[in-house]
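Asker: what follows is a predicted protein model with its sequence.
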2 protein chains.
Amino acid sequence: MSRAAIIGGGVIGGGWAARFLLNGWDVVVFDPDPGAARKIAEVLDNARASLPALYARPLPPEGSLTFAASIAQAVAGADWVQESVSERLALKHKVYAEIAAHLPEGGFIASSTSGFKASDLASGGAPVVVVHPFNPVYLLPLTEISGDPSLCDTAAAVVTSIGMHPLVLRKEIDAFIGNRFQEAVWREALWMLKDGIATTSEIDDAIRMSFGLRWAQMGLFETYRIAGGEAGMQSYIEQFGPTLSWPWTKLTDVPDLDAALIETIGSQSDAQSGHLGIRELERLRDDNLVAILRGLRRTGSGAGGVVLRHEQTLEAEGELDGLPITLSQSVPVTWTDYNGHMNEAAYLELGTWATDGLMALVGADEAYVSAGKSFFTVDTRIRYLGEVHRGTMLTVTTQVLEGAGKKMKLFHRVTKPDGTLAATLETLLLHTDLTTRRACAPEPQVAEALETLAAVHAGRPAEGAGGSVGQRN
Amino acid sequence: MSRAAIIGGGVIGGGWAARFLLNGWDVVVFDPDPGAARKIAEVLDNARASLPALYARPLPPEGSLTFAASIAQAVAGADWVQESVSERLALKHKVYAEIAAHLPEGGFIASSTSGFKASDLASGGAPVVVVHPFNPVYLLPLTEISGDPSLCDTAAAVVTSIGMHPLVLRKEIDAFIGNRFQEAVWREALWMLKDGIATTSEIDDAIRMSFGLRWAQMGLFETYRIAGGEAGMQSYIEQFGPTLSWPWTKLTDVPDLDAALIETIGSQSDAQSGHLGIRELERLRDDNLVAILRGLRRTGSGAGGVVLRHEQTLEAEGELDGLPITLSQSVPVTWTDYNGHMNEAAYLELGTWATDGLMALVGADEAYVSAGKSFFTVDTRIRYLGEVHRGTMLTVTTQVLEGAGKKMKLFHRVTKPDGTLAATLETLLLHTDLTTRRACAPEPQVAEALETLAAVHAGRPAEGAGGSVGQRN
């Protein structure tokens, strides 16, 4: 068990506390703000709800969180000291002197500073290394590390052990890397607001509907490498030269894109991405974009909202073989697995959406659910009848096997474009009151619509229904 | 059915062609490049594999793609003309003259230009509107639109109808919005390369491990609004004033962050995000980040790779009630649904990962699969026994019901932290040759390990196993 001292418990300090705690470290916080405990508790709640959900294995048991009455008490016995106080150099130096007086032998101070260089921070008492994270610290991996090389190595190992990505700077530079980029965009955005080109909301949309999606997964250079296509990075970059003299930003000081710089970019890009061809990079980019866009569908944020709104304009389903089509879905790459076909779990995603489609058809739609009633699944059997691959358009029809009282039993058929069955799903649901979480009868109009559909579908065969796992048709 | 003329069929023109085709438009391409047909076919392949997968409804039937021998032939009868030729003004004006001579009455030219203003592009013959997309055009929603206001409205409606997000500029500006930001970052990145601060690969990592993830879902201002916390946007922005005079970028020309500009930002931000409190915004941000990070887990790109590598360092599973723990998983927000609990399909995600865990345990691990053998699921039944909520840590144990010859029948129990069962999954798999896609016997060491485990687990009860859907325990 290791122990971290968090000096300064604001948004950044609180984020560090959460990341250490959830990775099994004991954490001692010092912050004179009387609201610090409440604020850290709120950050920790957010972190508990999100960080563990990234992993398919449990994080270590959560460490203990305590609050120290003094820097001395916080630092005593600490294996790691993270300073996240305000960005005032005099304050930082004062805090460092106190830390240094109590720092265990061989220890150093890790500073969350977003602007000062390690050489600015250096104090007489103890070594200081820049270990600069990004908010929310418990979710974003990047830490920029700068200072004494051997201490940087130690710091890199520690942040790696708590699930972060260390980027050790090759040279000292004000504001490091991430914030310099953000500052460049920020300054440009201020000009746009001032000149009335776009509002804050329009600027945010411009970012999150375009290059924000690219930069979440590949960054700047690999994206340009793809744009350059088969001709290669170096020849692509050469074209950029003239744009540096165009009035495309309010920047005035630009480096000379000479042959040496072009060669640097070309060879570094080859080292970075040269093991993949342009087609492979395009495919990787598209796979990542599909994954991100499908993720954003859920909350409707940014590009996810665009997808959902467009979907509403697409034609609703029709019928197939006398049964309602309750879903048409092209297989996204995120649904395929190491066996080179659609993963078994995705068949049930089809089933759950087809059930939603059938519910909407009998009037148990979004408004019905919002009013407090729904159907809960209690039992489902899936028969896997054929392999399905990425990009295949699947059609799901739904037959009502039973629709009376609280019970709704459905039979979904998943059909491939050639008409063959990929799977069948037999699923039993109970109508449920969302407040009491107990089964109850549906509203009359839903009950009637369901009974009508059950009567229309009665007597149709449902291959394999009623059987147990492994039982042949 | 509508018809689009695509003048210039490179990466951008090809992307437009794909987006129109997949949204049911007929497309006629003019491009003198003899390789145009091949290049567009490649873009179209990528688009077919990705765009439809964003939606739970089918896109309209794909339109027809033809190649015209002349601009006149391409433009005749077109409802939309998209110009994506090289960024040379003289070339564009020459092309526009040809288009204008054949453009249907009332038509206009939409230009993909990434730099020229509509007033630069204006030609005598036909109106020109800037309709600037981002690569890949078939996946990224943003189009920046600028020119005659009523034509901009028409253009906005058309791009919306093919699933894009129109951003009509309030004033003309060189390079519009997205590219100005990218140019600002690009210039800063060139300095970093030139000064030896970081390599292209390190810069890409810095972007995609930090603010790239933020900008994919919220953009710049809403992110800062969250950082400002309870004190509000305006007071947060006021602090930024001094940083504009710091040497944090190579920019030298910055606007004065005076009271009027601060007020503009504050009130626009309120209009944009004021309907959500800071805690709600934080939660939305975290939900989006979890969705994106879980999406990136699949390919291992950027932050997804960090998660996977950290997961490898976490403790492997132990035992529970004498059965191997094959999965421990905290419920991500992406697994919950409108009923306020974990969606039925997520139970099977647990099941598929637990099956992976059991396979690894008997030696049918990644290396085994890479060597060409695996298990395919043929039949699964899930009994839903209890509701589960976001953030709950679930433990899955696996009992081998049958493990002989080609057959492997497993029984997964999903347990909540209080020890109660959330679900059981009974699943039958067949050992399969990944080349022939036919069932076959496992390699001897896997067969033996499976038989051993089956013998150890024999005679244990497996509640509900062997039953059919709806049958009580």
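Answerer: Alright, I've got the coordinates.
Asker: packing partners of the longest helix along chain A?
Answerer: Using DSSP state H, we find that the single longest helix of chain A is helix A:278-299. With contacts taken as 3 or more CB pairs under 8 Å, 6 or more residues apart in numbering or on different chains; DSSP states H and E, helix A:278-299 sits against helix A:211-215, helix A:219-228, helix A:303-313, helix B:36-50, helix B:278-299. (Each C-beta comes from the backbone N, C-alpha and C, glycine too.)
Asker: most neighbours per residue, which of these?
Answerer: helix A:211-215 (a mean of 28; mean count of other CB atoms under 10 Å in any protein chain shown).
Asker: send me that one as CSV with only the CA atoms.
Answerer: Coordinates of each C-alpha in helix A:211-215 appear next as CSV, following Å, rounded to 0.1, in the frame of the first residue of the first chain:
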residue,chain,number,x,y,z
PHE,A,211,-11.5,17.9,-35.9
GLY,A,212,-12.4,17.2,-32.2
LEU,A,213,-13.6,13.8,-33.4
ARG,A,214,-10.3,13.2,-35.2
TRP,A,215,-8.1,14.4,-32.4
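Asker: so which of the helices and strands packed on helix A:278-299 comes closest to residue A:332?
Answerer: helix B:36-50 (7.9 Å; CB to CB).
Asker: the helices and strands packed on helix A:278-299: which one's closest to residue A:12?
Answerer: helix B:278-299 (13.9 Å).
Asker: the longest helix of chain A vs helix B:36-50, what angle?
Answerer: Angle, helix A:278-299 to helix B:36-50, by axes from the mean of the first three to the mean of the last three CA atoms, to 10 degrees: 40 degrees.
Asker: extract the C-alpha set from helix A:278-299 and format it as PDB.
Answerer: What follows is helix A:278-299, C-alpha atoms only, in PDB (Å, rounded to 0.1, in the frame of the first residue of the first chain):
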ATOM      1  CA  ILE A 278      -2.900   4.600 -45.800                       C
ATOM      2  CA  ARG A 279      -5.800   2.200 -46.300                       C
ATOM      3  CA  GLU A 280      -5.200   0.600 -42.900                       C
ATOM      4  CA  LEU A 281      -5.000   4.000 -41.300                       C
ATOM      5  CA  GLU A 282      -8.200   5.100 -42.900                       C
ATOM      6  CA  ARG A 283      -9.900   2.000 -41.700                       C
ATOM      7  CA  LEU A 284      -8.600   2.500 -38.200                       C
ATOM      8  CA  ARG A 285      -9.700   6.100 -38.200                       C
ATOM      9  CA  ASP A 286     -13.200   5.100 -39.400                       C
ATOM     10  CA  ASP A 287     -13.500   2.300 -36.900                       C
ATOM     11  CA  ASN A 288     -12.600   4.800 -34.100                       C
ATOM     12  CA  LEU A 289     -15.000   7.400 -35.400                       C
ATOM     13  CA  VAL A 290     -17.800   4.900 -35.600                       C
ATOM     14  CA  ALA A 291     -17.100   3.800 -32.000                       C
ATOM     15  CA  ILE A 292     -17.000   7.500 -30.800                       C
ATOM     16  CA  LEU A 293     -20.100   8.500 -32.700                       C
ATOM     17  CA  ARG A 294     -22.000   5.400 -31.500                       C
ATOM     18  CA  GLY A 295     -20.900   6.300 -28.000                       C
ATOM     19  CA  LEU A 296     -22.100   9.900 -28.400                       C
ATOM     20  CA  ARG A 297     -25.500   8.600 -29.700                       C
ATOM     21  CA  ARG A 298     -26.300   7.600 -26.100                       C
ATOM     22  CA  THR A 299     -26.200  11.100 -24.600                       C
END
